[in-house]
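S.K.: generate a structure from the sequence data that follows.
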Amino acid sequence: MDTRTLAGLLLTVGLSGCVVEANDAPYRERVGALIVDWTIDGSKSVEECNLSGSSKLDVTIVTSSGAVAGEFQQACESFATTITLAPGSYSGQAVLLDGAGRERTTSVQIRPFEVFSNDQLSIPIEFPANSFYAP
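M.R.: Numbers count the residues shown, from 1 in each chain. Below is the predicted model:
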């Protein structure tokens, strides 16, 4: 192939109008969100976190097959956390932790739930007074 033919071929390919654009939109469209919304003895008072010695919520989410999907933490005073998950079936458990990472409560089970693309599911959980360990 001579250089004029090669140059013409390259010019034709360059003018073809093909544009490739990369972004993460397909990933964003495939995820959903679980909002864990909690109370302590029926209240969302920061005072309850302080009185119970709880500094963080620790949530473990598992798939329907039993594989751990992740462990997530949020400050106790937030009383809600948003967890991004791929579409699927899950369940979980949550505990309140003290500042040193020790459990302050028994586990609260998060009932089985389904996550769909581009959707948010809110699940309330309650830490009753009798779920706390003695100081």
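S.K.: in this protein, where is pLDDT below threshold?
M.R.: Across the chain, the ranges flagged by pLDDT under 70 are 1-29.
S.K.: which residue sits closest to the residue nearest the centre of it in space, ignoring its chain neighbours?
M.R.: The residue lying closest to the centre of the chain (Cα atoms, centre = their mean) is I83, at 1.8 Å. Leaving aside its sequence neighbours, I83 sits nearest to L34 (Cβ to Cβ, 6 or more residues apart in numbering; 4.6 Å). Using the backbone N, CA and C atoms, a C-beta is placed for each residue, glycine as well.
S.K.: could you measure from the one you found over to A94?
M.R.: According to Cβ to Cβ, to the nearest Å, L34 and A94 sit 11 Å apart.
S.K.: same question, T81
M.R.: Counting by Cβ to Cβ, the gap from T81 to A94 is 10 Å.
S.K.: of those two, which one has the most company?
M.R.: A94 (22 against 18; other Cβ atoms under 10 Å).
S.K.: give me the common contacts of T81 and A94.
M.R.: Listed as contacting both T81 and A94 by Cβ atoms under 8 Å, 6 or more residues apart in numbering are V36, L57, V59.
S.K.: so which strand or helix has the closest residue in space to the second one that isn't next to it in sequence?
M.R.: Of all residues beyond its chain neighbours, the one nearest L57 is Q74 (5.0 Å), with distances taken as Cβ to Cβ, 6+ apart. Using DSSP states H and E, Q74 falls within strand 68-75.
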